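pasting a predicted model and its sequence here:
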Protein chains: 2
Amino acid sequence: MMLKRLNHIAIALNNLDDGINIYKGIFGASISDRVALPEHGVTTIFVKLKNTNIELLEPLGKNSPISNFLIKNPSGGIHHLCYEVNDINKSIEKLKRKGYTVLGSGIPRKGAHGKPVIFLHPKQFIGTLIELEEVK
Amino acid sequence: MMLKRLNHIAIALNNLDDGINIYKGIFGASISDRVALPEHGVTTIFVKLKNTNIELLEPLGKNSPISNFLIKNPSGGIHHLCYEVNDINKSIEKLKRKGYTVLGSGIPRKGAHGKPVIFLHPKQFIGTLIELEEVK
């Protein structure tokens, strides 16, 4: 099986405080510190659930990759799902062979956890933007 | 903490076969049999990941609760997140006290797993339709 764990569900929103109010304030979950990732154009917070994490994403700087999403979804919304894979290059090879599109240059880049990641096109995956992250 | 595990991510789509092709065919995940739930207006399949499940939802019958969602999202998309709670009535009480809206009658009803569930309004929860399911 190519997929291992669901690493996280990413929810984009205009203001991280709204996410903190809900997930920490109402639901009582523990959350990480804010981490600014200028090279990804987002500031993130992780919400720790028992079996997985929610990644809250707020735009950082101009041309944030989540800005258009937030224009379409001003109250915020689920932005992508991140699944762990054993070998990201093998996964990309298999997907390309089967006719699927890997976004960007097609070469994995370093994700928010410092591990190689790649994104798949939502139109080919039931409307879901999927991030694959290599976790050995 | 009110929330326990992420029970599942529900993805709505017009044809379950498309979901089977991706999650079983490409990703190699194991999937459940189809279960028709006429009282919920959906046919479901569960995709088993290591730490959680994906619930694929196809409309069943007229007036399926996911029909409008699929008109807006013809390729399909993430429909809701289901979090487990210990005591659904206590959770509803707390949410109402804090000014949040519980959808429907406000009284939990039997979900796809035969356990009490309730839905929360996406506008109040960062654009995410949230299902709470009581799992003791």
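Structure's in. What do you need?

just checking, A:Ile88 touches A:Pro108?
Yes. Taking Cβ atoms under 8 Å as the definition, A:Ile88 is a contact partner of A:Pro108 at 5.0 Å. Using the backbone N, CA and C atoms, a C-beta is placed for each residue, glycine as well.

in chain A, which helix or strand is least confident?
When the helices and strands of chain A are compared on mean pLDDT, DSSP states H and E, strand A:109-110 comes out lowest with a mean of 90.

start to end distance for stretch A:118-125?
Criterion Cα to Cα, to the nearest Å; first-to-last residue distance in stretch A:118-125 is 14 Å.

buried stuff in that stretch?
A:118-120, A:122, A:124-125 (16 or more other Cβ atoms under 10 Å in any protein chain shown).

tell me which other helices or strands the helix ranked longest in chain A touches.
If you go by DSSP state H, chain A has its longest helix at helix A:88-97. Counting contacts by 3 or more Cβ pairs under 8 Å, 6 or more residues apart in numbering or on different chains; DSSP states H and E, helix A:88-97 packs against strand A:116-120, strand A:130-134.

mind listing what's buried along that helix?
A:88, A:91-92, A:94-95.

could you measure from A:Leu57 over to A:Asp17?
13 Å (Cβ to Cβ, to the nearest Å).

neighbour count for those two, which is higher?
A:Leu57 (27 against 13; other Cβ atoms under 10 Å in any protein chain shown).

what residues are up against the more buried one?
A:10-13, A:42-44, A:66, A:79 (Cβ atoms under 8 Å, 6 or more residues apart in numbering or on different chains).

and these near chain B, which?
Near chain B, judged by Cβ under 8 Å from any Cβ of the partner chain, the entries from the contacts of A:Leu57 are A:11, A:13.

what residues are up against A:Ile92?
With Cβ under 8 Å, 6+ apart, A:Ile92 has these contacts: A:102, A:106, A:108, A:118, A:132.

next one: it from chain B, what distance?
Counting by Cβ to the nearest Cβ, to the nearest Å, the gap from A:Ile92 to chain B is 12 Å.

is any part of stretch A:28-41 close to chain B?
Yes. Stretch A:28-41 lies within reach of chain B by Cβ under 8 Å from any Cβ, at A:28-30.
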